[in-house]
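Chemist: Sequence and predicted structure, then a few things I'm wondering about:
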Amino acid sequence: TAPPAESSPGSPLPRSVLRKFLLMLMSLLMSLYVFYCLAERCPSLPAPLLAAAPEQAAGGGGWLEPGSPSLPSWPPAARRKRPKQQLRRPDAPGRGAGSGGGREPPGTLALLLGEGSKRLPQAIIVGVKKGGTRALLEFLRVHPDVRAAGAEPHFFDRGYERGFAWYRELMPRTLDGQITMEKTPSYFVTKEAPARISAMSKGTKLIVVVRDPVTRAISDYTQTLSKKPDIPTFESLTFKNRTTGLIDTSWSAIQIGIYAKHLENWLLYFPIGQILFISGERLISDPAGELGRVQDFLGLKRIITDKHFYFNKTKGFPCLKKAEGSSKPHCLGKTKGRTHPSIDREVVQRLREFYRPFNMKFYQMTGHDFGWD
Ligand SMILES: Nc1ncnc2c1ncn2[C@@H]1O[C@H](COP(=O)(O)OS(=O)(=O)O)[C@@H](OP(=O)(O)O)[C@H]1O
């Protein structure tokens, strides 16, 4: 018998090759479709994450950024209309935006594909220096609805003349419903910062991580000492006149801790309810508890819980079980949690006396006793 015809007369390709080619074409088309669906444009999957919620699409107003009248108003997350199935369960494994290995929150692929846009921050950690601001931001970034600038932009203290377009460029891209954040601790003691932030948006949510002003001052000094080992002792810098015991309030390490005074300046532009005060001490002893308060304040679902933290004995601090963008445990670097030099007890005592009335005033203003006295 004659062998089955592999190619029809006149056809340049044998049938088997043609079949293989068609199969390959089909699988290529199927892969393209799957990819399309993963990019959240596929109609058979949950509604597109990228579609703006009706009220967001309508534009809310409230933003005063020059030249950008259509910027969305706060709070995208609180008013979020993201489909339910796109929010991870609080106990679901996985990480914040940018993580790898199939643990990405919804929308990460869209961000990777260049979707989303850079927005001015809706929430800022404005202080205080050495309060625990980096820890708070790193912890918050675990939330899939939070995206934050990595470095401190220093826009409202050092870079204001560069303009809002420059500032916005420093921000990560976000999808509708995600909150853009940054942290620059020096804003809290910058006279012009409240007016400038209010000029950007009156609705900006402010977070201040405060810490016992005496320990904060020592931490501040420790940082300077690590960079300039030749500076005078903490004790000598503390006093204008050691014999009279007059404190040198012009020394920034002391100045920054007079929280009540700085807060007065912020209250000229923002209602107290728009400022969240986080205890730097509790951020260490109960990170999940403090993160719960922050998530509520930002109108976010409570996704970051105690399951996200472990206490690292070597570091002496709580660390993340999985850092953003990785599945590995993550502690803050060596510049966080430095060993403080021991300071003369009497000097510490004198500083405690100095800060006490300011602390009392601060507790009164915030309605919260931070327990430093
Ligand atoms: N989880 C965790 N890991 C490491 N460090 C932690 C953590 N939580 C709070 N802290 C405290 O954060 C202090 C540094 O504060 P900041 O990040 O605000 O410093 S800075 O102003 O940005 O330089 C840093 O101060 P020092 O201990 O004096 O170095 C820490 O005490």
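Modeler: Arrived safely. Worth saying up front: this structure is predicted, and the values here are computed from it rather than measured.
Chemist: Am I right that residue 219 is in contact with residue 130?
Modeler: Yes - judged on Cβ atoms under 8 Å, residue 219 makes contact with residue 130 at a distance of 4.1 Å. In this view, the C-beta of every residue, glycine as well, is placed from N, C-alpha and C.
Chemist: joint contacts of these two?
Modeler: Common contacts of residue 219 and residue 130, defined by Cβ atoms under 8 Å, 6 or more residues apart in numbering, comprise residue 211.
Chemist: Can you get me the start-to-end distance on stretch 122-141?
Modeler: One end of stretch 122-141 to the other measures 14 Å (Cα to Cα, to the nearest Å).
Chemist: What of stretch 275-293?
Modeler: 12 Å.
Chemist: That stretch near the ligand at all?
Modeler: Yes - counting by Cβ under 6 Å from any ligand atom, the ligand is contacted by stretch 275-293 at 283-284.
Chemist: what pLDDT, on average, does that stretch get?
Modeler: Averaging the model's pLDDT scores along stretch 275-293 yields 98.
Chemist: So which bits of it are buried?
Modeler: Residues of stretch 275-293 classed as buried: 275-284, 287, 290-291, 293 (neighbour count, 16 or more other Cβ atoms under 10 Å).
Chemist: what two of these are the furthest from one another?
Modeler: 275 and 284 (21.3 Å; Cβ to Cβ).
Chemist: Just the ones of the buried residues of stretch 275-293 in strands?
Modeler: Secondary structure assignment (DSSP state E) places 275-279 from the buried residues of stretch 275-293 within strands.
Chemist: still on that earlier bit, which residue of residue 219 and residue 130 possesses the greater neighbour count?
Modeler: Each of residue 219 and residue 130 has its neighbours counted (other Cβ atoms under 10 Å); residue 130 has more, 25 against 21.
Chemist: per-residue pLDDT, that one?
Modeler: So residue 130 comes in at 98 (pLDDT).
Chemist: and stretch 304-317, is it in reach of the ligand?
Modeler: Yes - contact of stretch 304-317 with the ligand (Cβ under 6 Å from any ligand atom) involves residue 317.
Chemist: outside of that stretch, which residues touch it?
Modeler: Contacting residues not belonging to stretch 304-317 are listed as 90-91, 135, 139-140, 142-143, 284, 287-288, 291-292, 295, 318-322, 329, 331-332, 336-337 [Cβ under 8 Å, 6+ apart].
Chemist: Can you go through those and name the buried ones?
Modeler: 135, 139-140, 142-143, 284, 287, 291, 295, 318-320, 322, 331-332, 336-337.
Chemist: Look up how far the ligand lies from the closest residue to residue 151 other than its chain neighbours.
Modeler: Excluding the flanking residues, the one nearest residue 151 by Cβ to Cβ, 6 or more residues apart in numbering is residue 170, at 7.8 Å. Here the criterion is Cβ to the nearest ligand atom, to the nearest Å. By it, residue 170 lies 17 Å from the ligand.
Chemist: From residue 149, how far off is residue 170?
Modeler: Distance, residue 170 to residue 149, by Cβ to Cβ, to the nearest Å: 5 Å.
Chemist: overlap in contacts of the two?
Modeler: Taking Cβ under 8 Å, 6+ apart as the criterion, residue 170 and residue 149 both touch residue 182.
Chemist: got a pLDDT number for residue 213?
Modeler: pLDDT, residue 213: 99.
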